[in-house]
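*Asks:* Next input, structure requested:
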Amino acid sequence: MRVQCVICDEIHEIPDFSPEAKKLRNRPIHTYMCDECYERVTEKTLKRLETGNFEFRRGNHSVEEEF
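*Replies:* This next block holds a predicted model:
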């Protein structure tokens, strides 16, 4: 299955019967992000969290409320 990365617009090939391909076929709202872009976003998010100026919201509460 040919897929295009949302961030860098590179076209990649993934196996047709992989779980990721199934998600993309059955739910069009899911998007593909290549491994390089995924790692870059993860690293930058972790750096922002370390600064203390970034509020990471997940669900109905923030991380600061847990501590």
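*Asks:* For this structure, which segments are assigned as helices?
*Replies:* All helices of the chain, identified by DSSP state H, fall at 19-26, 35-51.
*Asks:* how about the ones you listed in a markdown table, adding mean pLDDT and distance to E13?
*Replies:* In short, each C-beta sits where N, CA and C put it, glycine included. Shown next, in a markdown table, are the helices of the chain (pLDDT from 0 to 100; distance: least, Cβ to Cβ, whole Å):
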| stretch | mean pLDDT | distance to E13 |
| --- | --- | --- |
| helix 19-26 | 90 | 10 |
| helix 35-51 | 91 | 13 |
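*Asks:* Out of those helices, which is closest to C5?
*Replies:* helix 35-51 (5.8 Å; Cβ to Cβ).
*Asks:* that older thread, so which of the helices of the chain comes closest to V3?
*Replies:* helix 19-26 (6.4 Å).
*Asks:* List the buried residues of that closest one.
*Replies:* Residues of helix 19-26 classed as buried by neighbour count (16 or more other Cβ atoms under 10 Å): L24.
*Asks:* Nearest residue to the middle of this structure?
*Replies:* Y38 (5.6 Å; Cα atoms, centre = their mean).
*Asks:* Roughly how far does that one sit from N53?
*Replies:* Per Cβ to Cβ, to the nearest Å, Y38 is found 23 Å from N53.
*Asks:* related to what we said a few turns ago, redo the helices of the chain as JSON lines? Include distance to E10.
*Replies:* Listed next are the helices of the chain as JSON lines, based on distance: least, Cβ to Cβ, whole Å:
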{"stretch": "helix 19-26", "distance to E10": "16"}
{"stretch": "helix 35-51", "distance to E10": "9"}
